[in-house]
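# How does the following fold in three dimensions:
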Amino acid sequence: MKITIHRGNQIGGCITTIEHDGCKIIIDLGSNLPGSKEKELTKEDIDSITSGANAILYTHYHGDHTGLHHLIDPNIPQFIGAGAKEVMLCKYNALNAHNDYSAQIKSTKDMRPYKVSEPIEFKGCDKIKVTPYLVSHSAFDAYMFKIECDNIKILHTGDFRQHGYIGKRLFDVLKIYIKDVDILITEGTMLGRSQETVLHENDIKSNTIAVLKEHKYVFALCSSTDIDRLASFHDACKQIGRTFFVDEYQQEVLNVFSKYSGKHSNLFKFDKTFKLIDFGAPKVVTVLKSTGFLMPIRSSMLPTVKSMMSVYNDENPWLIYSMWSGYAEEGKSYTNNDILKIRQLFNNNILDGTKDGFHTSGHADIATLEEVCKIVNPKIGVIPIHKDKNTKYDMSGVSNYKIFTSSEKVSDNLDIIFLNSQGKGAKL
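You can find the predicted model right below:
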């Protein structure tokens with residue numbers, strides 16, 4: 001068996017290749033995060049990585065895991081969760097109104113859906129068995145993969161956490177369906193952010209309820225595809241009697257969430273929304289000035305927010321900033337100027353992310369990473385990916401496990417290879 005980690009020492013753009021007995025699968029094929037200084041893969045790089053692949057599997061729909069999917073040879077089948085596929089189509093159809101995203105739309109439509117707890121079937125590849133299991137993440141319909149190759153069992157966690165609404169299932173899934181493994185391939189995003197406060201989504205909902213009791217008009221700058229965060233805001237509105245006000249694109253995404261997750265929990269049934277058609281129409285103004293509202297917004301919505309603030313001006317509006325703080329830091333590599341412009345509209349009326357209790361990471365904290373290691377007890381070792389370059393996988397709770405951070409010939413039957421952004425790495 002050969003396990004190749006491409007761009008493992010960065011957050012975003014990680015690619016894992018597993019080859020065994022003539023079979024080859026790839027897990028995630030993402031682009032670099034916006035603002036990243038790392039060199040992006042070329043079409044030639046992608047062709048080289050995917051050559052001979054039986055399948056490409058995506059853990060979830062975030063661009064740093066799927067962003068290169070439209071550059072793949074169409075003869076290579078690509079797999080993703082059914083709900084995740086629909087969210088991707090919502091996004092690309094919206095973007096296509098402004099630029100040409102026809103290649104992304106076609107590639108996404110061709111993706112094959114897999115189902116939770118059901119092994120994925122690959123044509124011409126019966127030596128590798130992959131079973132997906134649902135995890136909590138800041139993306140809806142996200143999965144980890146159990147990979148079985150003859151006598152070797154691998155767990156690829158994808159991006160995951162325990163502090164989301166379905167995160168309480170994590171340890172039970174590991175104990176019942178995964179059990180001991182030989183190799184654990186796990187994300188390590190939070191290893192470099194140990195000082196960052198990790199809240200449960202329930203805490204964010206409670207904090208939002210308190211804000212809605214105090215303020216009539218609230219805008220929430222957040223991810224339009226984070227089901228947990230949107231559920232927190234939606235449920236807070238239901239409890240207080242505020243209107244949950246959304247634009248057409250956001251409503252389409254919520255409809256997907258309701259379709260797949262609403263049947264399992266009322267928390268994910270987005271049935272009390274008010275879709276923006278004409279926010280200045282007299283009847284709409286009368287309703288919203290009476291009830292007040294919370295409106296999820298995106299960084300591209302600056303003109304809409306400015307216009308709404310000129311209409312709903314009988315009280316000062318407030319902004320909940322519910323995203324990673326790095327996007328709002330001036331002069332940084334990941335700074336988002338559109339976010340800075342929206343924040344400027346609200347002066348000091350901003351409830352700020354993690355600091356004020358309105359954001360939490362989509363990734364596992366260190367205590368959760370330690371517990372996952374203990375439960376699956378990786379016999380050969382741990383391969384950390386999706387982490388900052390200088391972050392060390394140094395945790396007291398996993399000191400007895402071998403950590404692979406560079407290329408190594410483990411045995412006559414197993415090679416682990418790390419490649420950097422230029423496809424170079426230590427030779428075995």
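
# C-alpha only now, for contacts and for neighbours.
Fine.

# Name the residues of stretch 381-398 that are buried.
For stretch 381-398, burial by neighbour count (16 or more other Cα atoms under 10 Å) applies to 381-388, 393, 398.

# now Ile3: how far from His264?
Noted for Ile3: a distance of 36 Å to His264, by Cα to Cα, to the nearest Å.

# Please say which of these two ends up with more neighbours.
Comparing Ile3 with His264 by other Cα atoms under 10 Å, the one with more neighbours is Ile3, at 19 against 11.

# Go ahead and name everything in contact with the helix or strand harbouring that one.
Counting by DSSP states H and E, the element that carries Ile3 is strand 2-6. Identification of contacts with strand 2-6 by Cα atoms under 8 Å, 6 or more residues apart in numbering yields 14-20, 385, 414-421, 423.

# Buried ones from those, can you make that a PyMOL selection?
This is how PyMOL selects the buried members of the contacts of strand 2-6, with burial counted by 16+ other Cα under 10 Å:
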select buried, resi 14+15+16+17+18+19+20+385+415+416+417+418+419+420+421
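
# Point out the ones among the contacts of strand 2-6 that are inside strands.
Assigned to strands by DSSP state E, the following of the contacts of strand 2-6 qualify: 15-20, 385, 414-419.

# Quick check: the farthest pair among these?
His20 and Ile385 (20.7 Å; Cα to Cα).

# ok, and the closest non-adjacent residue to Glu201?
When the adjacent residues along the chain are set aside, Glu201 lies closest to Gly164, with 5.6 Å between them (Cα to Cα, 6 or more residues apart in numbering).

# swap in Gly280?
Nearest non-adjacent residue to Gly280 (Cα to Cα, 6+ apart): Val311, at 7.0 Å.

# What count of nearby residues applies to that neighbour?
By other Cα under 10 Å, the residues close to Val311 number 12.

# Double-check it against Ala281; I have them as touching.
No: counting by Cα atoms under 8 Å, Ala281 is not a contact partner of Val311; they are 10.2 Å apart.

# hey, where'd the helices end up in the stretch 1-150 of the chain?
For the stretch 1-150 of the chain, applying DSSP state H, counting those that start in this stretch gives helices covering 43-50, 63-66, 82-95, 102-110.

# closest to Lys37 out of those?
Each of the helices of the stretch 1-150 of the chain has some distance to Lys37 by Cα to Cα; the shortest is helix 63-66, at 14.0 Å.

# so which one among the buried residues of stretch 381-398 has the lowest pLDDT?
Minimum pLDDT across those is recorded for Tyr393, with 73.

# And that residue, its phi and psi?
The phi/psi pair for Tyr393 (degrees, to the nearest 10) reads phi -90, psi 70.

# Enumerate every residue touching it.
Taking Cα under 8 Å, 6+ apart as the definition, contacts of Tyr393 comprise 188, 191, 384, 403.

# Now do it against Phe270, distance only.
With the distance defined as Cα to Cα, Tyr393 ends up 39 Å from Phe270.

# Equivalent analysis for Lys179, please.
Plainly put, Lys179 is 35 Å away from Phe270 if you go by Cα to Cα.

# Those two - which one has more neighbours?
Each of Lys179 and Phe270 had its neighbours counted (other Cα under 10 Å), and the higher figure belongs to Phe270 (21 against 15).

# Let's verify the more buried one: helix, strand, or coil?
Classification of Phe270 using DSSP: H, G, I helix; E, B strand; the rest coil returns coil.

# can you give me the mean pLDDT across stretch 233-246?
Stretch 233-246 comes out with an average pLDDT of 95.

# how far does that stretch sit from the chain's center?
Per Cα atoms, centre = their mean, to the nearest Å, the displacement of stretch 233-246 from the mean C-alpha position of its chain is 24 Å.

# Quote the end-to-end distance of it.
So stretch 233-246: terminal residues 11 Å apart, Cα to Cα.

# relative to its centroid, which residue of this protein is most remote?
No residue in the chain has its C-alpha farther from the mean C-alpha position than Pro282, which lies at 38.9 Å (Cα atoms, centre = their mean).

# What does the pLDDT read for it?
On the pLDDT scale, Pro282 gets 91.

# Over to Gly423?
You'll see Gly423 listed with a pLDDT of 58.

# do the one 5 residues further on as well
Taken from the predicted model, the pLDDT recorded for Leu428 is 42.

# can you check Asp226 too?
In this model, Asp226 carries a pLDDT of 96.

# need the strands for the stretch 201-350 of the chain, in chain order.
217-221, 243-246, 273-275, 293-297, 318-321, 350-352 (DSSP state E, counting those that start in this stretch).

# JSON lines please, covering those strands and showing mean neighbour count and distance to Leu95.
As requested, those are exported to JSON lines (neighbours: other Cα atoms under 10 Å; distance: least, Cα to Cα, whole Å):
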{"stretch": "strand 217-221", "mean neighbour count": "23", "distance to Leu95": "19"}
{"stretch": "strand 243-246", "mean neighbour count": "23", "distance to Leu95": "17"}
{"stretch": "strand 273-275", "mean neighbour count": "16", "distance to Leu95": "19"}
{"stretch": "strand 293-297", "mean neighbour count": "24", "distance to Leu95": "16"}
{"stretch": "strand 318-321", "mean neighbour count": "24", "distance to Leu95": "23"}
{"stretch": "strand 350-352", "mean neighbour count": "19", "distance to Leu95": "28"}
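
# Rebuild those strands as a markdown table, extending it with distance to Asp235.
As requested, the strands of the stretch 201-350 of the chain are arranged in a markdown table below (distance: least, Cα to Cα, whole Å):
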| stretch | distance to Asp235 |
| --- | --- |
| strand 217-221 | 14 |
| strand 243-246 | 9 |
| strand 273-275 | 11 |
| strand 293-297 | 11 |
| strand 318-321 | 16 |
| strand 350-352 | 19 |
